[in-house]
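Visitor: I'll drop the sequence and a predicted model, then ask my questions.
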Amino acid sequence: MKNLSKFTLIVLMFISLDSFSQESIIGEIKYSDLEKYIDLAVKNYPKVKITDVNVEKAKTDISMNAISYLDIFNASYFYRPNNKTAIDVINPYAVNGFQLSVNLNLGNFLQKPYAAKKAKADYKVAQLQAEDFRLTLATEVKKRYYAYIQQINQLKIYTQSVQDNQNVADNLKNKFEKGEVALDTYNQSRINLTIASTSKIQTEVNLLSAKDALEEIIGMKLSEVK
């Protein structure tokens with residue numbers, strides 16, 4: 001009789017937990033909230049800003065490379081006062097007044113098209129990296145949001161489990177005091193209650209961690225999201 005009571009209690013406990021575990025969380029997902037969280041992450045997450053800065057930097061490099069075409073030319077001038085003799089024995093080609101000369105750096109001139117092509121390629125890479133990071137970020141936000149919803153529902157399960165086990169333990173306590181059930185059966189009910197309570201506490205910690213992780217990536221408290 002003692003073994004039967006103990007077995008019955010354990011079976012009822014697992015049946016109760018299994019019935020809760022079969023509930024789906026899909027209905028708890030609010031996709032409007034999820035879209036808000038993704039938008040906030042794109043707006044507030046520092047690494048997004050870093051990728052945007054890299055894109056802007058690469059775009060600026062294209063403009064700088066276009067202007068740098070002037071670097072291939074070296075200009076200089078020479079001034080000879082008008083009161084000097086135009087014909088100079090040392091330099092018979094010198095004339096009075098200003099003389100302007102322009103030199104072309106052939107090596108730089110040949111490199112410029114390749115430098116321009118590289119600058120455009122770097123800009124495209126920066127754009128693709130920024131786009132790729134946004135997709136990765138959206139996936140990460142979804143993962144953290146789903147984990148948060150999961151822990152909310154997990155907490156509901158263990159809260160109900162604690163209540164059920166508390167009711168069973170109280171009921172068996174009364175029966176034990178009346179001599180209607182064995183000590184082993186009553187002790188098992190207390191053990192089940194302790195297990196359920198411990199699971200509830202751990203789930204509360206997991207929920208707080210999931211909430212913190214979601215708030216960290218969206219850059220604000222969930223209570224502040226409108």
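Guide: Right, received. Where do you want to start?
Visitor: Just name the shakiest helix or strand of the protein by mean pLDDT.
Guide: helix 2-21 (a mean of 49; mean pLDDT, DSSP states H and E).
Visitor: May I see the buried residues of the helix or strand just after that one?
Guide: Going down the chain from helix 2-21, the next helix or strand is helix 31-44, by DSSP states H and E. In terms of neighbour count (16 or more other Cβ atoms under 10 Å), helix 31-44 has its buried residues at Leu34, Tyr37, Ile38, Leu40, Ala41, Val42. In short, each C-beta sits where N, CA and C put it, glycine included.
Visitor: pLDDT averaged over helix 31-44, what's the number?
Guide: What helix 31-44 shows for mean pLDDT is 96.
Visitor: now what about it, what contacts it?
Guide: Helix 31-44 is contacted from outside by 48, 134, 137-138, 140-142, 145, 214, 217-220, 225, using Cβ atoms under 8 Å, 6 or more residues apart in numbering.
Visitor: Mind giving me the PyMOL select for the residues you listed, buried ones only?
Guide: Listed next is the PyMOL selection for buried residues among the contacts of helix 31-44, using 16+ other Cβ under 10 Å:
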select buried, resi 48+134+137+138+140+141+145+214+217+218
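Visitor: Between all of the contacts of helix 31-44, which two are separated the most?
Guide: Checked with Cβ to Cβ, the contacts of helix 31-44 reach their widest spread between Arg134 and Val225, with 19.4 Å between them.
Visitor: if we can go back for a sec, pick the one among the buried residues of helix 31-44 closest to Lys156.
Guide: Nearest to Lys156 out of these is Leu34 (Cβ to Cβ; 20.0 Å).
Visitor: how much space is there between the closest one and Val225?
Guide: Computed as Cβ to Cβ, to the nearest Å, the Leu34 to Val225 distance reads 11 Å.
Visitor: now swap in Glu28 and tell me
Guide: 17 Å.
Visitor: Kindly report the same for Val42.
Guide: 14 Å.
Visitor: and what of Tyr186?
Guide: With Cβ to Cβ as the criterion, Tyr186 and Val225 are 48 Å apart.
Visitor: Check Gly179 too.
Guide: 57 Å.
Visitor: could the buried residues of helix 31-44 be laid out in JSON lines, adding distance to Leu172?
Guide: Output for these, formatted as JSON lines (distance: Cβ to Cβ, whole Å):
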{"residue": "Leu34", "distance to Leu172": "44"}
{"residue": "Tyr37", "distance to Leu172": "45"}
{"residue": "Ile38", "distance to Leu172": "50"}
{"residue": "Leu40", "distance to Leu172": "50"}
{"residue": "Ala41", "distance to Leu172": "50"}
{"residue": "Val42", "distance to Leu172": "55"}
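Visitor: so what pLDDT did Asn174 get?
Guide: Per the predicted model, pLDDT is 92 at Asn174.
Visitor: what number of residues lie near it?
Guide: Here the number of neighbours of Asn174 (other Cβ atoms under 10 Å) works out to 12.
Visitor: Thanks again, I'm all set now.
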